[in-house]
Structure formats: C-alpha cells, structure tokens
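Student: any chance you can model this:
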Amino acid sequence: MSTKFIRRFGRVLIFTVMLGVMPSLLAEVPFQYSISNNGVTIIRYIGEGADINIPSNIEGSPVTSIGKEAFTDCSTLTNVVIPEGLTTIGDDAFRGCKSLTSVTIPNSVTTIGGFAFNGCSSLTSIAIPNSVTTIGDFAFNGCRSLTSIDIPNSVTTIGIFAFYGCRSLTSIAIPNRVTSIGDYALYGCSSLTSIAIPYRVTSIGDYALYGCRSLTSIDIPNGVTTIGDNAFSLCESLRSVTIPNSVTFIGEHAFNGCSSLTSVTIPNSVTSIKEGAFNGCRSLISIAIPNSVTTIGGFAFYGCSSLTSITIPNSVTTIVGWAFNNCTSLTSVTIPNSVISIGKDAFAGCPCEDWVAKNYRHLMADYGVAQDVKETVERYRKAAEQGDADAQCSLGVCYATGDGIAKDEQEAVKWFSKAAEQGEPAAQFALGKCYSDGRGVAQDEKEAVKWFRKAAEQGQTGAIDMLRRLGLK
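Tutor: Purely as a prediction, here's the structure:
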C-alpha cells in the first residue's frame with residue numbers, strides 16, 4: 001500500500017492506492033500522514049492552530065508515530081496533547097517551535113528522538129513518562145525557559161547535548177539506570193544548583209557540566225572511571241569535590257576556572273594530572289597529589305593564587321611547562337629526586353620561583369631556563385623567530401616588563417600579536433590588555449574585547465575575569 005498527498009483549498013486529501021482497487025476519497029485532517037501495518041505516522045502538520053490534540057486514530061488505524069520534522073518551526077504552536085498509543089516522537093519533531101509552552105506525553109511513548117524539542121525556547125516544564133527509555137541527542141537543546149524536568153527511572157540513555165543551554169533549569173535527577181552522562185549533556189545550564197549522579201554512571205563526558213555556574217557541590221559516585229575534558233570547567237560556585245578511587249582519568253581542563261573550589265582530593269588511581277586540569281582555581285588552598293601520579297601537565301594549577309604549599313610525590317617524573325605558573329601565594333614546594341624534568345616557566349610568578357631555579361636548574365636547562373636572564377631572552381628570540389607561539393608570548397612579556405632587555409611596548413605588541421594570531425591564549429589576553437590600556441598601540445576597546453573573548457573561549461582565566469568586570473560574557 002502507498003499514499004500520496006494532494007493539496008486542495010489549503011487542506012490535504014489523502015488518496016490510498018491499492019492494487020486492483022480504484023482510489024477513494026478519505027477524511028480530511030490538518031496533517032500529512034502515512035498508513036502502514038504499524039499504524040499511522042504523522043508526517044507534517046499543515047494547520048494553523050495554537051492548541052493541537054493529535055488524534056489517536058486516523059482512518060481506523062492507530063496513530064503510533066510523530067515523524068521527523070513533523071512540527072518543525074511551527075511558530076504559532078503553543079500546546080500539544082499527544083494521544084495514548086503513540087510510541088515514538090521522531091527526530092526534529094518539534095524543533096524550533098518557539099512558542100510551545102506545554103506538551104503532554106503519554107505513557108505509551110518509548111523514544112524521544114534527537115533534536116525532538118531543540119530550540120523550544122518557551123517550554124517551561126515537561127513530564128517524561130516512565131515508558132521512555134531513550135532521550136536522543138540534542139533532544140531539549142536550547143530550551144532556555146525550561147525550569148524543571150522529570151526523567152523517569154525507565155530512561156537508560158541520555159544523548160549528547162541533550163539539555164545543552166537550558167539556562168533556567170535549576171535541578172535535575174538522573175535516573176538510576178543511566179550509565180553515562182554524555183558530552184555537552186548539561187553544558188551552559190547556568191541556573192543548575194544541584195544534580196544527583198546515580199551509582200551506575202561510569203563516565204562523565206567532555207564538557208558535560210561546562211559553565212554550570214550555580215552548581216555548589218557535586219557527589220561523584222564510586223563507579224565513575226572517567227571525567228572528561230572540561231567536564232566541570234567554569235563551574236564558578238563549586239566549592240568542594242571528592243573524586244572517588246574508581247576514577248582513573250581526569251581530562252584536560254576538567255575543573256578549569258572553578259574559582260570557588262577550596263579543596264580537592266585526587267585518588268591514587270589517577271596517574272596523570274592533565275593540562276589545565278585545575279587552571280584558575282584561585283580559591284584552592286590545598287590539594288593532595290597521590291603517589292600514583294607520574295606527570296603534572298602544563299597549566300595544571302596555573303593561577304591557583306591561594307595555594308601556599310605543594311608536596312610533589314616521589315612517583316612524579318615530569319612537571320610540564322607552566323604547571324604552577326602564577327600561583328602567587330606558593331611559598332613552599334617539595335620536589336622529589338624522581339623528577340627528571342621541569343618545563344619552561346613551571347613556577348614563574350610564584351614566590352618560590354627563584355628557589356626552584358637555584359636548586360633545580362639542572363632539570364630546567366632543556367626548557368629554556370638559562371643562567372642569565374639575557375641569555376633566556378635570546379633563547380626566546382631564536383624560538384620566536386622560528387614561529388614558536390610560546391616563545392613569542394614570552395618575548396613579548398620581556399619587552400613589556402623590561403626583563404632582560406630594554407623595555408619596548410611596541411615590540412611587546414608585535415610579539416603578542418604574532419602569538420595571539422596562532423591562538424596562544426596568554427598572548428591573546430596580553431594583547432587585549434595592551435589595547436585596553438593603550439600600551440604600545442592606540443587604545444581600542446573593541447579590539448581589546450575581541451582578544452579577551454578569544455582568550456576566554458580557551459579558558460584563560462584573566463580574560464574571563466576581565467570580561468566579567470566589563471559586564472560582558
């Protein structure tokens with residue numbers, strides 16, 4: 001059996017063509033639809049009403065599915081009642097229905113497809129029945145008015161970007177049967193104050209809770225093995241976190257910019273502290289690094305300005321460049337004999353910087369730390385002229401401060417610009433400051449904001465703070 005649709009006077013007349021049977025005129029309805037052995041699928045809504053009750057039967061067959069893009073961009077739609085018996089809400093079904101405020105989903109629905117309610121910016125609440133097992137990728141992405149959602153225990157899968165940008169959502173309970181929180185699942189849910197992660201979850205995806213600025217605490221259950229890149233980045237109200245012994249991997253920038261975080265315990269199941277993991281945690285006063293860790297990554301504790309002391313365990317062999325850079329209260333550090341290399345500027349800007357340079361210079365030579373400041377500048381220059389962005393930024397700092405070379409703010413801008421164009425975040429921030437202050441270049445607030453934004457997008461905490469002070473995001 002097949003169906004075809006003929007538009008007449010703004011309505012759709014459905015003709016069913018069956019082998020050996022003449023076409024016959026059927027009932028008029030405000031939908032395009034198809035009928036199969038599995039029932040009726042709504043293909044497209046062609047009405048203009050604001051309130052829609054989808055019928056449970058059409059032409060004697062049960063309505064079982066809302067097809068892909070069936071109601072996409074229906075800008076006048078405000079209320080939808082889905083009938084009992086319907087099992088599937090297809091991909092993009094209600095995407096872009098910006099006036100939709102209410103949806104009634106029956107207990108028969110088992111699947112909510114990807115992008116199903118994406119961009120329904122007026123939707124304030126929704127109850128998902130306990131028949132649903134899957135919430136698809138991007139399902140409620142951009143539902144910025146959504147304040148509450150009930151997810152039943154029947155749900156086993158929450159797709160990536162599922163609640164991305166739901167900035168009015170204040171709390172959410174993840175059902176016990178869910179085993180992973182997908183990438184970007186709750187990204188930018190800036191009003192979220194609490195979340196309960198169930199015990200079956202084994203992984204928290206990349207950017208899963210990025211920018212949840214109101215989240216004050218998090219209980220990571222003992223079963224999680226992976227915390228993805230930027231998972232809790234910019235959770236600015238997060239005060240404490242306990243990472244269970246089951247965790248073996250903490251991704252890059254996992255807690256970047258968690259500026260209220262005062263303490264954290266890293267379990268001895270973790271072998272590496274990745275790049276930028278605790279970058280900009282300026283309230284962090286203590287951290288215990290376990291004996292299992294062998295590498296402390298670049299920028300791992302950059303800008304942790306409240307950290308006063310750190311004991312590096314004798315399992316660590318490598319401290320990568322900028323690891324503790326700009327920890328302005330760090331007066332005491334214990335470095336074991338196991339360490340064989342300390343990266344460039346690993347302790348620059350720390351009160352203990354000179355002590356580290358004096359006692360561990362032999363470990364730092366390969367990373368550009370010279371016996372003489374002028375020699376260091378020349379090392380930077382050679383590397384900068386070969387296009388090394390880190391060296392270009394460092395050379396810019398030397399010109400800006402007059403450290404080891406005659407101060408020249410225009411030269412500083414020149415080298416900051418070269419590094420910034422290559423995407424180096426510290427250089428982008430420094431260039432923004434030059435434009436903001438009119439140092440070495442004509443003052444230009446628009447250009448300053450441009451570079452602050454580029455640096456902030458990479459998690460550069462100075463740029464993030466600067467934009468906040470300017471009242472920008």
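Student: so which residues of the stretch 151-300 of the chain form helices?
Tutor: Along the stretch 151-300 of the chain, no segments are classed as helices by DSSP state H, counting those that start in this stretch.
Student: for the stretch 251-400 of the chain, which spans come out with low pLDDT?
Tutor: Across the stretch 251-400 of the chain, the stretches falling below the confidence threshold (pLDDT under 70) are 365-374.
Student: against which helices or strands is the stretch of helix or strand residue 354 belongs to packed?
Tutor: In this structure, residue 354 is located in helix 353-364 according to DSSP states H and E. Here helix 353-364 touches strand 341-342, going by 3 or more Cβ pairs under 8 Å, 6 or more residues apart in numbering; DSSP states H and E. Bear in mind the C-beta positions are built from the backbone N, C-alpha and C, glycine included.
Student: and the strand it packs on, what does it pack against?
Tutor: Contact here means 3+ Cβ pairs under 8 Å, 6+ apart; on that basis strand 341-342 packs against strand 318-319, helix 353-364.
Student: adjacent strands (with direction) for the first one?
Tutor: Think strand 318-319. In the sheet, strand 318-319 lines up against strand 295-296 (parallel), strand 341-342 (parallel) (DSSP bridges).
Student: report the distance from the first one to the chain centre.
Tutor: Put simply, strand 295-296 sits 24 Å off its chain's centre (Cα atoms, centre = their mean, to the nearest Å).
Student: immediately after that strand, which helix or strand?
Tutor: Taking DSSP H and E, what comes next after strand 295-296 is strand 309-311.
Student: what residues sit buried inside that following strand?
Tutor: Buried positions in strand 309-311, judged by neighbour count with 16 or more other Cβ atoms under 10 Å: residue 310.
Student: all helices for the stretch 301-450 of the chain, in order.
Tutor: Assigned by DSSP H, counting those that start in this stretch, the helices in the stretch 301-450 of the chain fall at 353-364, 373-385, 389-401, 409-421, 425-437, 445-457.
Student: list the contacts for residue 67?
Tutor: With contact taken as Cβ atoms under 8 Å, 6 or more residues apart in numbering, residue 67 is in contact with 41-44, 90, 93.
Student: ok, now how distant is it from residue 248?
Tutor: Residue 67 sits 43 Å away from residue 248 when distances are taken as Cβ to Cβ, to the nearest Å.
Student: hang on, the earlier thing: now distance to residue 103 and mean neighbour count too, for the strands paired with strand 318-319, in TSV please.
Tutor: Below are the strands paired with strand 318-319 laid out as TSV (distance: least, Cβ to Cβ, whole Å; neighbours: other Cβ atoms under 10 Å):
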stretch	distance to residue 103	mean neighbour count
strand 295-296	49	22
strand 341-342	58	22
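Student: so which of these comes closest to residue 241?
Tutor: With Cβ to Cβ as the criterion, residue 241 lies closest to strand 295-296 of the strands paired with strand 318-319, at 18.5 Å.
Student: so who does the residue positioned nearest the centre of the chain touch?
Tutor: The central residue of the chain, meaning the one whose C-alpha is nearest the mean C-alpha position (Cα atoms, centre = their mean), is residue 207 at 2.9 Å. Contacts were defined as Cβ under 8 Å, 6+ apart; by that measure residue 207 touches 183-184, 187, 228-231, 233.
Student: go with 10 Å
Tutor: Taking Cβ atoms under 10 Å, 6 or more residues apart in numbering as the criterion, residue 207 is in contact with 160-161, 164, 182-188, 228-233, 251, 253.
Student: tell me which of the strands paired with strand 318-319 sits nearest to residue 441.
Tutor: Go through the strands paired with strand 318-319 one by one with Cβ to Cβ and the one that ends up closest to residue 441 is strand 341-342, at 34.4 Å.
Student: so how far is that closest one from its chain's centroid?
Tutor: The gap between where strand 341-342 is centred and where its chain is centred comes out at 31 Å by Cα atoms, centre = their mean.
Student: contact partners of it?
Tutor: 295-296, 317-321, 323-324, 335, 356-357, 360-367, 369.
Student: that older thread, how about the strands paired with strand 318-319 in JSON lines, adding distance to residue 463?
Tutor: Shown next, in JSON lines, are the strands paired with strand 318-319 (distance: least, Cβ to Cβ, whole Å):
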{"stretch": "strand 295-296", "distance to residue 463": "24"}
{"stretch": "strand 341-342", "distance to residue 463": "27"}
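Student: so for residue 78, which of these sits nearest?
Tutor: Comparing the strands paired with strand 318-319 against residue 78 with Cβ to Cβ, the closest turns out to be strand 295-296 (54.6 Å).
Student: residue boundaries of the strands in the stretch 151-300 of the chain?
Tutor: Taking DSSP state E, counting those that start in this stretch to define them, one finds strands in the stretch 151-300 of the chain at 157-158, 171-173, 180-181, 194-196, 203-204, 217-219, 226-227, 240-242, 249-250, 263-265, 272-273, 286-288, 295-296.
Student: now do the same end-to-end measure for stretch 285-297.
Tutor: Distance between the boundary residues of stretch 285-297 (Cα to Cα, to the nearest Å) amounts to 19 Å.
Student: list the buried residues in it.
Tutor: Neighbour counts over stretch 285-297 (16+ other Cβ under 10 Å) mark 287, 289-290, 292-293, 295-297 as buried.
Student: same deal with stretch 433-445?
Tutor: Using 16+ other Cβ under 10 Å as the test for burial, stretch 433-445 gives 433-436, 440-441.
Student: I'd guessed residue 203 sits against residue 185; true?
Tutor: No: assessed by Cβ atoms under 10 Å, residue 203 is found out of contact with residue 185, at 11.2 Å.
Student: those two: who's more crowded?
Tutor: Neighbour totals were compared for residue 203 and residue 185, and residue 185 leads with 27 against 20 (other Cβ atoms under 10 Å).
Student: is residue 265 bridged to anything, and to what?
Tutor: For residue 265, the beta-bridge partners under DSSP bridges are residue 242, residue 288.
Student: measure it to residue 289 for me?
Tutor: To residue 289, residue 265 is 10 Å away according to Cβ to Cβ.
Student: tabulate the helices of the stretch 301-450 of the chain (JSON lines), appending distance to residue 49.
Tutor: Shown next, in JSON lines, are those (distance: least, Cβ to Cβ, whole Å):
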{"stretch": "helix 353-364", "distance to residue 49": "70"}
{"stretch": "helix 373-385", "distance to residue 49": "66"}
{"stretch": "helix 389-401", "distance to residue 49": "58"}
{"stretch": "helix 409-421", "distance to residue 49": "54"}
{"stretch": "helix 425-437", "distance to residue 49": "51"}
{"stretch": "helix 445-457", "distance to residue 49": "43"}
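Student: can you tell which of those helices is closest to residue 33?
Tutor: Shortest distance between residue 33 and the helices of the stretch 301-450 of the chain, using Cβ to Cβ, is found for helix 445-457: 45.1 Å.
Student: what's the angle from the helix or strand just after the closest one to helix 425-437?
Tutor: Next in sequence after helix 445-457, counting helices and strands by DSSP H and E, comes helix 461-469. Relative orientation of helix 461-469 with respect to helix 425-437: 40 degrees, computed using axes from the mean of the first three to the mean of the last three Cα atoms, to 10 degrees.
Student: about what we covered before: okay if I get the contacts of residue 67 as CSV plus neighbour count, pLDDT and secondary structure?
Tutor: Putting those into CSV (neighbours: other Cβ atoms under 10 Å; pLDDT from 0 to 100; DSSP: H, G, I helix; E, B strand; the rest coil) gives the following:
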residue, neighbour count, pLDDT, secondary structure
41, 21, 97, strand
42, 24, 96, strand
43, 20, 96, strand
44, 17, 96, strand
90, 22, 96, coil
93, 28, 97, coil
